[in-house]
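Engineer: Below are the sequence and a predicted model for it; my questions follow.
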Amino acid sequence: MSWKGIHRWLGLTVGTLAVVLGVSGAMLAIDPVQQAWQAPTAPGGLPVATLVERVTRTVPGAEEIRHLPSGAIVVFSFAGDQPQAQYVDPADGRVLGAWQASALPRWVKNLHRSLLLGDAGRWGAAGTALAMALLCISALVLLLRRMGGWRQLAARVRGSLAQRIHVVAGRVVLLVLCLSAITALTMSASTLGLVTLDARTEPEVLSVIAGQPALPGAQLAALQTLVVQDLRKLNFPGAADPEDTWKVTTTQGQGWIDRYSGQMLAWQDATLAQRVYDWAVVLHTGEAAWPWAVVLGLVGASVLLFWLSGLVIWWQARRQAPRITGNTTLAQADVLIFVASEGGSTWGFAQTLQDALKQCGHRVHTGALEHFQTTAATRQVFVLAATYGEGQAPAHARQALAHIATRTASAVPVTVLGFGDRQFPAFCAFAKALDQTLRAHAWPALLPLECIHQQSGQQFARWGVALAEALGEPLVLEHVPPVPATTALTLIGRQDFVGATGQATSILRFAWPAQGLGARLRGQGLAPFAAGDLVGIVPPGSAVPRYYSLASGWQDGFLEICVRQMPGGLCSTHLLGLQTGGLITAFIRPNPGFALPHQRKPVLLIGAGTGVAPLAGFIRRNDGRTPMHLYFGGRDPAQDFYFHPDIQRWLGEGRLATLHTAFSRVPDGGGYVQDALRQDAEFVRSLVAQGAIVRVCGSRAMAQGVAEALDTVLAPLQLSVANLKARERYAEDVF
């Protein structure tokens with residue numbers, strides 16, 4: 001079983017018990033804090049003999065002094081036949097009040113230690129602690145794999161909200177949770193009798209009666225050299241038994257003191273097992289260190305957060321689990337589709353491809369990539385491969401490359417389609433490695449490698465057009481991914497542009513129907529969003545959403561996008577035909593990889609055409625006046641200088657530091673935006689040398705040109721776009 005399988009199985013099977021232990025542990029962590037505040041601690045260096053003198057003066061009949069882990073001093077005595085326990089002030093022996101462990105901590109402690117089930121429950125709690133330790137180890141392995149190693153452990157976390165919560169929380173508290181689980185196992189080993197703390201018997205010691213009276217505790221030499229800081233418990237000799245001794249327990253061991261001479265009669269050092277147990281108690285409970293108890297309490301409470309977010313992740317993965325329908329057997333299929341998918345979404349694209357091929361009369365079999373093979377009936381093979389983490393194969397396909405390398409190549413074409421996210425430095429790295437391996441082993445291809453960004457249905461459809469031409473068949477790929485709950489948005493304003501090529505473009509502003517938390521929990525309303533996130537719009541007559549980058553955040557009170565008419569574009573035609581008051585059906589898809597980090601480093605914004613929209617949103621929300629520098633590319637400033645009035649205002653307000661433009665269709669316009677970057681090479685290099693964050697938005701061709709220009713500009717700094725991506729300083733939003 002893989003680490004991911006171990007982690008998921010343990011989380012689902014013992015997760016509820018782990019929540020019980022975590023929450024009860026968080027409640028118990030209150031006790032050390034409360035005790036630390038209830039009574040003063042003994043001053044450093046105070047001799048135990050002095051404490052005894054003060055206690056015997058104020059508490060008649062004292063029989064035991066206990067130094068609590070919190071530092072407070074409790075004295076046990078009898079008032080007549082009634083036992084009593086009282087806090088005392090070690091500075092003067094003054095009685096401060098009664099000491100009594102409350103009923104709640106006792107009940108919660110019983111729940112935490114034995115699940116209220118006695119000895120059987122203690123074994124259950126120990127088993128849960130063992131499971132928690134394995135969960136932590138597997139979580140660490142998965143975390144390092146997801147983030148790309150120790151060096152990337154602090155990098156920004158991407159994924160769904162549940163995934164981000166799970167990973168970020170784990171990154172903060174994982175080691176403490178692991179320590180808590182290990183110390184719980186250490187304590188359970190003693191409680192269950194698996195480890196004996198001290199198998200030695202107490203020595204036979206008696207006070208030597210020489211006729212002289214017993215010495216007062218303050219005059220005992222052994223107590224005069226012992227400080228209260230090291231004391232745990234001191235038992236007074238019984239008044240009715242002249243042979244009884246003083247018994248002292250410290251962090252180092254325990255000893256017996258003669259009541260007449262004050263000398264130590266016997267001493268036993270604490271065993272190694274006892275010392276380990278004592279440290280485990282401190283680390284697990286926070287006793288003797290209330291700030292650590294606060295940390296433990298917060299970490300214990302976080303187990304509930306882990307369990308809930310993990311449950312959501314599991315449910316999301318279950319919903320996305322492969323469910324291929326209409327599969328032909330492998331031996332009879334003339335087309336094979338092999339899939340490598342970490343989250344399961346790639347299987348949906350495989351199902352769409354399979355259905356389309358079947359419509360064209362093919363017999364199709366779809367399976368997991370690790371089962372890659374061909375048969376005598378095979379005529380075409382397609383591999384749909386997602387990339388996980390920092391370029392790794394999905395867990396189930398981690399041995400696929402080695403497996404494919406052992407297969408003998410045939411004349412059957414094997415075409416690879418990659419799925420990934422361009423915000424990751426290793427975009428579609430596994431698909432690229434797979435394609436290279438196939439070509440290196442002489443497998444032919446019907447089409448060159450294509451990489452799909454963020455599961456784009458539009459890009460998949462365009463690949464389908466190329467595939468139809470290559471096959472010579474009327475193949476249509478219209479993939480409809482699961483669409484979240486949508487909300488109706490009302491158009492409240494628009495700015496129209498003719499466009500330098502005659503294609504209409506508009507900046508559309510919609511009202512944001514803010515909803516309360518309760519409505520959002522019920523799946524109503526629009527989720528909060530930020531500039532650079534994506535709004536999915538479902539046009540009439542289609543179930544496939546189209547995505548547009550947002551030029552505003554929810555704090556602006558509206559949702560704004562920039563839309564250009566696409567030839568035959570169903571969604572762009574619908575949007576550009578809207579009048580004020582018109583409605584669209586939309587939802588939000590976060591785009592955290594493109595978001596700006598919270599820092600004061602310069603920001604270099606590069607956009608062309610409608611790609612300026614999210615960059616305008618960044619500038620609009622630049623309330624802290626972070627130095628932002630915009631490079632904007634268009635064709636004609638009179639026709640496609642989008643957001644021009646806003647940009648001029650932001651310059652005056654200091655939200656935008658500098659503006660650099662390039663217009664390709666007017667004399668002396670500066671050419672393309674990449675030309676402007678080369679012309680300002682020194683300025684661009686200085687920004688990057690200061691640690692600038694770079695964001696690029698526009699067409700894929702424009703982004704490629706910008707990357708090539710920046711590679712040239714940054715060469716004197718021994719930097720490149722790839723270097724900046726690896727350091728999470730460079731991200732693209734391309735279409």
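Structural biologist: Great, that's in hand.
Engineer: Please, where are all the helices along the stretch 401-550 of the chain?
Structural biologist: 429-440, 457-471, 517-521 (DSSP state H, counting those that start in this stretch).
Engineer: Of those, which stretch is the most buried?
Structural biologist: Greatest average neighbour count among the helices of the stretch 401-550 of the chain goes to helix 429-440 (a mean of 20), per mean count of other CB atoms under 10 Å. Every C-beta, even on glycine, is put in place using the N, C-alpha and C of the backbone.
Engineer: need the longest strand for the protein.
Structural biologist: strand 487-497 (DSSP state E).
Engineer: Can you work out which other helices and strands pack against that one?
Structural biologist: Taking 3 or more CB pairs under 8 Å, 6 or more residues apart in numbering; DSSP states H and E as contact, the helices and strands that strand 487-497 lies on are strand 505-511, strand 583-589.
Engineer: and of the helices of the stretch 401-550 of the chain, who's closest to Ser190?
Structural biologist: helix 517-521 (45.1 Å; CB to CB).
Engineer: pLDDT (mean, whole number) over the closest one?
Structural biologist: Helix 517-521 carries an average pLDDT of 48.
Engineer: circling back: among the helices and strands packed on strand 487-497, show me which one is buried the most.
Structural biologist: Comparing the helices and strands packed on strand 487-497 by mean neighbour count (mean count of other CB under 10 Å), strand 505-511 ranks first with a mean of 21.
Engineer: what's the angle from that strand to strand 487-497?
Structural biologist: Orientation check (axes from the mean of the first three to the mean of the last three CA atoms, to 10 degrees): strand 505-511 against strand 487-497 gives 140 degrees.
Engineer: CA atoms only for strand 505-511 - export them in PDB, please.
Structural biologist: Taking C-alpha atoms only, strand 505-511 is exported to PDB below (Å, rounded to 0.1, in the frame of the first residue of the first chain):
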ATOM      1  CA  THR A 505     -14.400  44.300 -26.700                       C
ATOM      2  CA  SER A 506     -16.100  45.400 -23.500                       C
ATOM      3  CA  ILE A 507     -15.300  45.800 -19.800                       C
ATOM      4  CA  LEU A 508     -18.300  44.400 -18.100                       C
ATOM      5  CA  ARG A 509     -19.200  45.200 -14.400                       C
ATOM      6  CA  PHE A 510     -21.600  43.000 -12.500                       C
ATOM      7  CA  ALA A 511     -23.100  43.500  -9.000                       C
END
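Engineer: can you list contacts of it?
Structural biologist: Strand 505-511 is contacted from outside by 489-499, 551-552, 558-565, 575-576, 578, 584, 586, 610, 613, 640, 642-643, using CB atoms under 8 Å, 6 or more residues apart in numbering.
Engineer: And the most centrally placed residue in the chain, how close does it get to Val312?
Structural biologist: Central residue of the chain (CA atoms, centre = their mean): Val167, 1.8 Å from the mean position. Between Val167 and Val312 the computed distance is 13 Å (CB to CB, to the nearest Å).
Engineer: What is the least confident helix or strand in this structure?
Structural biologist: Every helix and strand of the chain was ranked by mean pLDDT, DSSP states H and E. The lowest is helix 517-521, at a mean of 48.
Engineer: Just give the nearest non-adjacent residue to Pro545, would you?
Structural biologist: Using CB to CB, 6 or more residues apart in numbering and skipping the chain neighbours, the partner closest in space to Pro545 is Gly536 (3.8 Å).
Engineer: Give me the pLDDT value at that neighbour.
Structural biologist: At Gly536, pLDDT is 91.
Engineer: do the same with the one 4 residues further on
Structural biologist: In this prediction, Pro540 carries a pLDDT score of 89.
Engineer: backbone phi and psi for it, please?
Structural biologist: phi -60, psi 140 (degrees, to the nearest 10).
Engineer: which residues does the residue lying closest to it once chain neighbours are set aside contact?
Structural biologist: Leaving aside its chain neighbours, Pro540 sits nearest to His574 (6.2 Å; criterion: CB to CB, 6+ apart). Residues in contact with His574, defined by CB under 8 Å, 6+ apart, are Pro539, Pro540, Ile584.
Engineer: Mind doing that once more with 10 Å?
Structural biologist: Contact analysis of His574 by CB atoms under 10 Å, 6 or more residues apart in numbering lists Ile537, Val538, Pro539, Pro540, Gly541, Ser542, Arg546, Val563, Gly582, Ile584.
Engineer: Spit out the contact partners of the closest residue in space to Ala189 that isn't next to it in sequence.
Structural biologist: Counting by CB to CB, 6+ apart, Val195 is the residue found nearest to Ala189 once chain neighbours are left out, at 4.3 Å. Residues near Val195 by CB under 10 Å, 6+ apart: Thr186, Met187, Ser188, Ala189, Ala273, Val276, Tyr277.
Engineer: Quick check: strands, which of the residues you listed are part of them?
Structural biologist: Using DSSP E, none of the contacts of Val195 sit in strands.
Engineer: Format those as a markdown table; extra columns: neighbour count and distance to Phe683.
Structural biologist: Shown next, in a markdown table, are the contacts of Val195 (neighbours: other CB atoms under 10 Å; distance: CB to CB, whole Å):
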| residue | neighbour count | distance to Phe683 |
| --- | --- | --- |
| Thr186 | 19 | 60 |
| Met187 | 21 | 63 |
| Ser188 | 21 | 64 |
| Ala189 | 18 | 65 |
| Ala273 | 16 | 68 |
| Val276 | 18 | 62 |
| Tyr277 | 20 | 65 |
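Engineer: out of those, who's nearest Lys358?
Structural biologist: Ser188 (57.9 Å).
Engineer: how close does the closest one sit to Gly127?
Structural biologist: 9 Å.
Engineer: and what of Pro83?
Structural biologist: For Pro83, the distance to Gly127 - CB to CB - is 38 Å.
Engineer: higher neighbour count, these two?
Structural biologist: Gly127 (14 against 10; other CB atoms under 10 Å).
Engineer: got a list of what the closest residue to that one other than its chain neighbours touches?
Structural biologist: Of all residues not flanking Gly127 in the chain, Val14 sits nearest, at 7.7 Å (CB to CB, 6+ apart). Neighbouring residues of Val14 by CB under 10 Å, 6+ apart: Leu21, Gly124, Gly127, Thr128, Ala129, Leu130, Ala131, Met132, Leu134, Leu135.
Engineer: Kindly supply the ChimeraX command isolating those of those that are buried.
Structural biologist: Listed next is the ChimeraX selection for buried residues among these, using 16 or more other CB atoms under 10 Å:
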select :21,124,128,129,130,131,132,134,135
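Engineer: Among the contacts of Val14, which ones are in strands?
Structural biologist: Short answer: these have none in strands (DSSP E).
Engineer: any weak-confidence spans in the stretch 1-150 of the chain?
Structural biologist: 1-2, 38-39, 101-104, 148-149 (pLDDT under 70).
Engineer: following whichever strand or helix holds Cys697, which helix or strand shows up next?
Structural biologist: Element membership for Cys697 (DSSP states H and E) is strand 693-698. Per DSSP H and E, the first helix or strand lying C-terminal to strand 693-698 is helix 700-714.
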